[in-house]
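Enquirer: predicted model, plus sequence, below.
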2 protein chains.
Amino acid sequence: MPRKKEKNEATADSLARIADRVKQRLRRFFDEIETTPPSPLFETQAGSIVLAQVRDLTLRSGKRLRAALLTAGAALFDPKAEESPSVLDAAAAMELCQTYLLIHDDIMDGDTIRRGAPTVHVALGGFTGDPRKGEALGILAGDLASALVQILLSQMPVAESILPRVISIFSAMHLDVVCGQGLDMLGEVSAYEVAVHKTASYTTIGPLTAGAAIAGARDKDIEHLAQIALPLGVAFQFRDDLLGTFGNTKTTGKPSDSDIKEGKRTALIEEARAKADRYQLKRLNEIWGNRDATESEVQTAREIMVMCGARAALSNHIQELTEEFVAGLDRPYYTTSAKAFLTGVAALIAERDA
Amino acid sequence: MPRKKEKNEATADSLARIADRVKQRLRRFFDEIETTPPSPLFETQAGSIVLAQVRDLTLRSGKRLRAALLTAGAALFDPKAEESPSVLDAAAAMELCQTYLLIHDDIMDGDTIRRGAPTVHVALGGFTGDPRKGEALGILAGDLASALVQILLSQMPVAESILPRVISIFSAMHLDVVCGQGLDMLGEVSAYEVAVHKTASYTTIGPLTAGAAIAGARDKDIEHLAQIALPLGVAFQFRDDLLGTFGNTKTTGKPSDSDIKEGKRTALIEEARAKADRYQLKRLNEIWGNRDATESEVQTAREIMVMCGARAALSNHIQELTEEFVAGLDRPYYTTSAKAFLTGVAALIAERDA
């Protein structure tokens, strides 16, 4: 299907272009902090190491999906959104916001690898020679990234009538995603609830609506965009869940047995539990959450997930969720180019391998 | 001096009145979250425990100095500031901001007692039966408080032209205080630098200027207020340093030997090191930072600090710093009542026992 391939390439090109501009903006932002330090902390050796960790993690990201969705959210209403300095600043703030969340999540979850390198608290533990101090400095690094998000937003060149809405969207997103992490850690709710609050909140809903707000969209339209962004965000998380067990470690950069061994509550395991027969369920429960499971046992768990139809059902569900988003884009006053780009992004989200 | 006593009582009355209103506002804010949960997290058992910790720590505060300074900062320009809902919201946000900072600082510093009760991460460790999980949930609780600050600010009923400045002041304060905590932890700079960035930033500068901004003060006046607020904040920290070694445990609620035993870099020890003779310095260095120091050795360290003149010099310095603030208040367009209140607060800061 050359047509589909062309479309995919156009989407990938746009994504790469936005990612590049946002990376440059972020680099400029960090350069300014290093050139004109807003605090003597950054003039100390240890302080520069903490800042460098925040900078490196932020610049190390590849796809910049959130920045792209924020830009596209603005472009739905303003065809020149990609050239807008305030859209660029907000997109950069979204990426920094992710830095903040990832740093703290990695401490809370005890993760050691992020974006192909040691997590911030592990790296800082290495520098100080003390893992506990690394965690303390990691909390600080996350708080620093969080403060920098607010600095970027407060300096964003937007009209006075626009800023309150953007701030309001970022605040609601902040609350939602922090609570989502809580839901994930405390494990009292379904994978769907976690996907809504931990992932969709700041992967699709926050970025798309913040972009729309900057472009001057009406409350009604922002509300609608939040509604259709939700299934897209859930699809993103569910695809993540699929890749966590069926992904190729080379492309995902993550082990494909850890979800099973750690007994992570994913949409995939929920689907499998609902679909498995009694024998399959018994076997699955023996393997799931067993840190000492052998590779052959993990493979058995994977096979059960395929045989009982869980994998296929989740794939279909992801497809439906992204279609729900694309159908919602069908509004005459959305710009054609942004609709096309977002349709492409939805397809990438549903089919991504990384 | 009955005159002085009367003035002190008037200041104490105003402080108590503001503290009471802010506490009620905060209680209402938390009640709303519990009645209409903005996230399913608060409907889970574990989630409500985390929220209750944030709530309890916030409501447990006594003096509410920051809320009072924010209110007074507005009252300098607007005699009716105390009745303003936006001033009240911002004052409540300031208190929540302190909650956020205290929760994270206590994890970073490994502190176990705060405001007369277990620190949040220690309490959460108790609930979960796992200190590590307590720390993870403590990070989450701090992030939650931080998100709630932004929710309160974004919903504050102020004019569109006012909000950007308030947001800008809160952002700068956020960055400054986080970096101040970094300076304190990493210990590469003087006690003065730490006092400026860790304490003055969010104890006096942030509150006074945020209040002024809400009351519609001009940039020039906000700038001036930030300048005079700085010595007041440093005085607050230096008084804290004095109380850390010479305070009465019953009134301060803190042990009076921990600064010495932990070898904390305070203005007091810096002053003592500069003033002590060779013998005194040798003895001081043997005791300071020695966790196993006996009560008699700690007492020796205290005596050296008195004999070499460090205690008196620091007391004088605190007096000078607060006078610098009071002298700066002498502007004809500041309201008389707010000037009187702030003069009283400055005296309380310089002489406080708790």
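Expert: On my side now, so go ahead. Numbers count the residues shown, from 1 in each chain, chains lettered A, B, ... in the order given.
Enquirer: in chain A, where's the longest helix?
Expert: With DSSP state H applied, the helix covering the greatest number of residues in chain A is identified as helix A:2-35.
Enquirer: briefly note if it comes near chain B.
Expert: No: among the residues of helix A:2-35, none lie within reach of chain B under CB under 8 Å from any CB of the partner chain; the closest is 9.6 Å away. Where C-beta positions appear, they are placed from N, C-alpha and C, glycine not excepted.
Enquirer: how distant is that helix from the center of its chain?
Expert: Average the C-alpha atoms of helix A:2-35, do the same for its chain, and the two points are 16 Å apart (CA atoms, centre = their mean, to the nearest Å).
Enquirer: tell me which helix or strand comes right after it.
Expert: Using DSSP states H and E, the helix or strand that follows helix A:2-35 in sequence is helix A:45-59.
Enquirer: can you name the next helix or strand after that following helix?
Expert: Toward the C-terminal end, the helix or strand that comes next after helix A:45-59 (DSSP H and E) is helix A:65-75.
Enquirer: angle of that next one against helix A:2-35?
Expert: For helix A:65-75 against helix A:2-35, the angle by axes from the mean of the first three to the mean of the last three CA atoms, to 10 degrees is 110 degrees.
Enquirer: let me know the secondary structure of the residue in the stretch 251-354 of chain A positioned nearest to chain B.
Expert: Across the stretch 251-354 of chain A, the shortest distance to chain B (CB to the nearest CB) belongs to A:Arg265, at 13.6 Å. Look at A:Arg265: counting by DSSP: H, G, I helix; E, B strand; the rest coil, its state is coil.
Enquirer: and it, how many residues sit next to it?
Expert: When neighbours are counted by other CB atoms under 10 Å in any protein chain shown, A:Arg265 registers 18.
Enquirer: any idea how far B:Ala267 is from it?
Expert: Using CB to CB, to the nearest Å, one gets 51 Å for the distance from A:Arg265 to B:Ala267.
Enquirer: and A:Glu271, by the same measure?
Expert: The value you get for A:Glu271 to B:Ala267, if CB to CB is used, is 61 Å.
Enquirer: which element is A:Ala350 on?
Expert: In the assignment (DSSP H and E), A:Ala350 maps to helix A:336-351.
Enquirer: can you name every helix or strand that that helix contacts?
Expert: Counting contacts by 3 or more CB pairs under 8 Å, 6 or more residues apart in numbering or on different chains; DSSP states H and E, helix A:336-351 packs against helix A:2-35, helix A:65-75, helix A:219-246, helix A:310-328.
Enquirer: so how far is the second one off the chain centroid?
Expert: Using CA atoms, centre = their mean, the mean C-alpha position of helix A:65-75 is found 13 Å from that of the whole chain.
Enquirer: list the buried ones in the following helix or strand past that helix?
Expert: Once helix A:65-75 ends, the next helix or strand along the chain (criterion: DSSP H and E) is helix A:85-109. Residues of helix A:85-109 classed as buried by neighbour count (16 or more other CB atoms under 10 Å in any protein chain shown): A:86-108.
Enquirer: same list, those residues, but only the ones touching chain B.
Expert: Restricting those to contacts with chain B (CB under 8 Å from any CB) yields A:His104, A:Ile107, A:Met108.
Enquirer: which one of these is nearest to chain B?
Expert: Using CB to the nearest CB, A:Met108 comes nearest to chain B of those, at 4.0 Å.
Enquirer: with adjacent residues omitted, what lies nearest to A:Glu82?
Expert: In this structure, A:Glu82 finds its nearest non-sequential neighbour in A:Thr71, 5.9 Å apart by CB to CB, 6 or more residues apart in numbering or on different chains.
Enquirer: separation between that neighbour and A:Leu148?
Expert: 20 Å.
Enquirer: just the CA trace of stretch A:110-125, in CSV.
Expert: Coordinates of the C-alpha atoms in stretch A:110-125 are reproduced here as CSV (Å, rounded to 0.1, in the frame of the first residue of the first chain):
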residue,chain,number,x,y,z
GLY,A,110,13.0,1.6,41.9
ASP,A,111,13.8,1.6,38.2
THR,A,112,17.4,1.7,37.1
ILE,A,113,17.3,2.3,33.3
ARG,A,114,15.5,5.1,31.5
ARG,A,115,15.8,6.0,27.8
GLY,A,116,18.8,3.7,27.4
ALA,A,117,20.9,5.1,30.3
PRO,A,118,20.9,4.9,34.1
THR,A,119,17.9,6.6,35.8
VAL,A,120,18.7,10.0,37.3
HIS,A,121,18.8,8.8,40.9
VAL,A,122,21.0,5.9,40.0
ALA,A,123,23.4,8.2,38.1
LEU,A,124,23.5,10.6,41.0
GLY,A,125,24.0,7.7,43.4
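Enquirer: what's the spacing between that stretch and its chain's center?
Expert: Its chain's C-alpha centre and that of stretch A:110-125 lie 17 Å apart, by CA atoms, centre = their mean.
Enquirer: if you count neighbours, what's buried in it?
Expert: In stretch A:110-125, counting by 16+ other CB under 10 Å, buried: A:Arg114, A:Pro118, A:Thr119, A:Val120, A:His121, A:Val122, A:Ala123, A:Leu124, A:Gly125.
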